[in-house]
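Trainee: Whatever this is, show me its structure:
(chains A and B)
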2 protein chains.
Amino acid sequence: MPPAAEAPPATAPRILARCQELVRPALAETVARLHPWPAEMAAYSFGWCEVGGAPATGSAGKGVRQALAVLSAEAAGAHGAAAVAGAVAVELVHTFSLLHDDIMDGDPTRRRRPTVWKAYGTGPAVLAGDALFALAVETLAVTPDAHAPGAVRRLAATLSDLVRGQADDLLFESRPWTGPDAVSLDEYRAMAEHKTGALLGCAAALGAVLAGAPEETVTALERAGRHIGVAFQVVDDILGIWGDPAVTGKPVHSDLLRGKKTFPVLAALGATEEAAHRTAARDLAELLASPDALDSEATARRAAHLIEEAGGRAAALKEARRLLAVADTHLRSVSLLPGPAEELRALLTGLVHRVV
Amino acid sequence: MPPAAEAPPATAPRILARCQELVRPALAETVARLHPWPAEMAAYSFGWCEVGGAPATGSAGKGVRQALAVLSAEAAGAHGAAAVAGAVAVELVHTFSLLHDDIMDGDPTRRRRPTVWKAYGTGPAVLAGDALFALAVETLAVTPDAHAPGAVRRLAATLSDLVRGQADDLLFESRPWTGPDAVSLDEYRAMAEHKTGALLGCAAALGAVLAGAPEETVTALERAGRHIGVAFQVVDDILGIWGDPAVTGKPVHSDLLRGKKTFPVLAALGATEEAAHRTAARDLAELLASPDALDSEATARRAAHLIEEAGGRAAALKEARRLLAVADTHLRSVSLLPGPAEELRALLTGLVHRVV
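Mentor: Sure thing, here's the model as predicted:
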């Protein structure tokens, strides 16, 4: 093995692959403990099989959460193996939330395949989500580790955060675009922190908790994860409007067509600093206020153009970079092993730089 | 206060009311910590409010699970208050499972009111169930009690059992009534133990765990709860066919009309001992095998008659009594405080004797 100094710097895909290799056997073994029916739906959802159980050829998830858990444990001085139970738990919770959110959002496709409720039916998809949820808690609770109870407490709080974030996200859809009842950017940030930040923060925290890291380190890693989670959501919002559907796996403009209160739109509507921004913001508000707003691809395209004109895209990018910087500050506030900390930073930066 | 000897023996409704009084403040406080939207759906589901939040006038659940937790703690020598976190957790889990099961089963009414998915929509009902699930785990996990980690482990295992039981119950619906692929009584018992027994067993176990009872006592109480849970399910099956809809709150013959594999039907179809039973069993199998089986009230009524003729009702009653006796044996196998143990027995007997 060459000395570390001569190895090429690890990039996000290589880091993700290394962590996935470490976690995958335990994850597969854990999912196999489920009743065969939810087990198949779970495996389908992980991208491991097709409907009926045949091995899948498509792409699986990136495994960001398991990687955060593993890297945090390593950054706290332990072997990545210490984090595996936590990594499995957060991946199970993530998949649970995708399954149930897709039902609530009525999303028919994910990663270019039918969502579980589309492929197996709504009732079975509810069941599969519940099975993953229960399995996540059980996996951590039975870990023979003195730190397990603390880990379970964190996971439980995260589950409540996820529900809170999803509730707000759904309620935002029926709120007006402008006026006193409009969704503010701070409300958006709180929603995104619950919906996306909490689980990334939990993943990072669990790695450190299971590594036996001091409370201060756990808190710093958790905060870094939470901030990067909100950044991740903002980046997702950008990709949802301007991303290539072939890459995102989501229909173009789907967030716009559904009236989702995403960061770029909210930032655009609130643009007041430059005259050109204000004009575009006014036109955008008018377009969104018309009764047949965004019911066609053409108006969605015009809305996307106005959001960009009003500075919504630039504001979202700026916000994502700001959050990445805050996450980085948290990481640098505690003493971490340099190698894994560097990988952690490379991973977080990679998540945000998908759009830059 | 008169000496205990002069007090009238506590009956099931009085025992349930006493335990409910002890648990209700903590349960209400816990539910109030939810996001307001799932909190309203949860309160509706508990029978505390109507859609929109106005106070409810209808009847709430019986609170069997919370009572089991409280009585177990008392029987193990502690104050019932020791069990409150466990009692709250099992009631939350119970309500979660009702919410999600009603979606999967497509049940439009429960306790003479629209089910949550009917009243609020499927997506919101999924969310409310998730919120209760998360809250249950969190409630136990944050309990400042040395026994909390053990309690969480038991709850987590129970959650997995619930999902397993519900999966089997749903899959049973598409299995044939007769032939090699028919559902056996042992398969039914395993399903009912997961779906209903596990949570009643967990309730009884949690009370004892939080009371600091020895492992032997916890196990005996858990086994008693599991057996009584299966008995409870068998009794529910009987009421689902011959019960008064005004009392059960369910449409008459609804289980039959949906082709549910309930104990009385399975026992009737397997009847071989008496000639009259065999004839009725054959007629029943024929009726169920016809393509338009049970699509009308008239055929459902005829099926109910044949089930009784074939001895299915008597067999179910016998099974419920057998399970009650096994539960009682478990209770008597360990040393419990006589007063609470007597109340526990009165409660369990009352649950089974709803139909006797």
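Trainee: Got phi/psi on A:L92?
Mentor: Here the main-chain torsion angles of A:L92 (degrees, to the nearest 10) amount to phi -60, psi -40.
Trainee: Test for you: state the pLDDT assigned to it.
Mentor: In the prediction, the pLDDT value recorded for A:L92 is 98.
Trainee: Helix, strand or coil: sort out the nearest residue to it once chain neighbours are set aside for me.
Mentor: Closest residue to A:L92 in three dimensions, ignoring its sequence neighbours and counting by Cβ to Cβ, 6 or more residues apart in numbering or on different chains: A:A136, at 3.8 Å. From N, CA and C alone the C-beta is placed, and that goes for glycine too. Judged by DSSP: H, G, I helix; E, B strand; the rest coil, the three-state class of A:A136 is helix.
Trainee: Quick one, grab the pLDDT at A:A136.
Mentor: For A:A136, the pLDDT comes out at 98.
Trainee: Please list all residues in contact with it.
Mentor: With contacts defined as Cβ atoms under 8 Å, 6 or more residues apart in numbering or on different chains, A:A136 is in contact with A:V88, A:A89, A:V90, A:L92, A:V93, A:F96, A:L155.
Trainee: contact partners of stretch A:106-122?
Mentor: Taking Cβ under 8 Å, 6+ apart as the rule, stretch A:106-122 contacts A:41, A:44-45, A:47, A:51, A:58-59, A:61, A:98-99, A:101-103, A:124-125, A:128, A:249-251, B:103, B:122-123.
Trainee: Go again with 6 Å.
Mentor: By Cβ atoms under 6 Å, 6 or more residues apart in numbering or on different chains, the residues outside stretch A:106-122 that reach it are A:M41, A:S45, A:V51, A:L99, A:D102, A:I103, A:A125, A:G249.
Trainee: How many neighbouring residues does the first one have?
Mentor: The one in question is A:M41. Other residues near A:M41 come to 26 when the count uses other Cβ atoms under 10 Å in any protein chain shown.
Trainee: Let me see the contact set for the residue lying closest to it once chain neighbours are set aside.
Mentor: Once flanking residues are discounted, A:M41 sits nearest to A:A128: 3.6 Å by Cβ to Cβ, 6+ apart. Residues in contact with A:A128 (Cβ under 6 Å, 6+ apart) are A:P38, A:M41, A:A42, A:L99.
Trainee: now, among those residues, which is nearest to chain B?
Mentor: Comparing the contacts of A:A128 against chain B with Cβ to the nearest Cβ places A:P38 closest, at 6.1 Å.
Trainee: what sits against that closest one?
Mentor: For A:P38, the contacting residues are A:L127, A:A128, A:A131, by Cβ under 6 Å, 6+ apart.
Trainee: For it, what are phi and psi?
Mentor: For A:P38, the backbone dihedrals (degrees, to the nearest 10) come out as phi -60, psi -30.
Trainee: so what's the residue of the stretch 201-350 of chain A found nearest chain B up against?
Mentor: Among the residues of the stretch 201-350 of chain A, A:C202 lies nearest to chain B; the distance is 12.4 Å by Cβ to the nearest Cβ. Taking Cβ under 6 Å, 6+ apart as the definition of contact, the neighbours of A:C202 are A:R154, A:T158.
Trainee: same deal with A:A280?
Mentor: By Cβ under 6 Å, 6+ apart, the residues touching A:A280 are A:L306, A:E309, A:A310.
Trainee: Around the second one, count how many other residues there are.
Mentor: A count of neighbours around A:E309, defined by other Cβ under 10 Å, yields 18.
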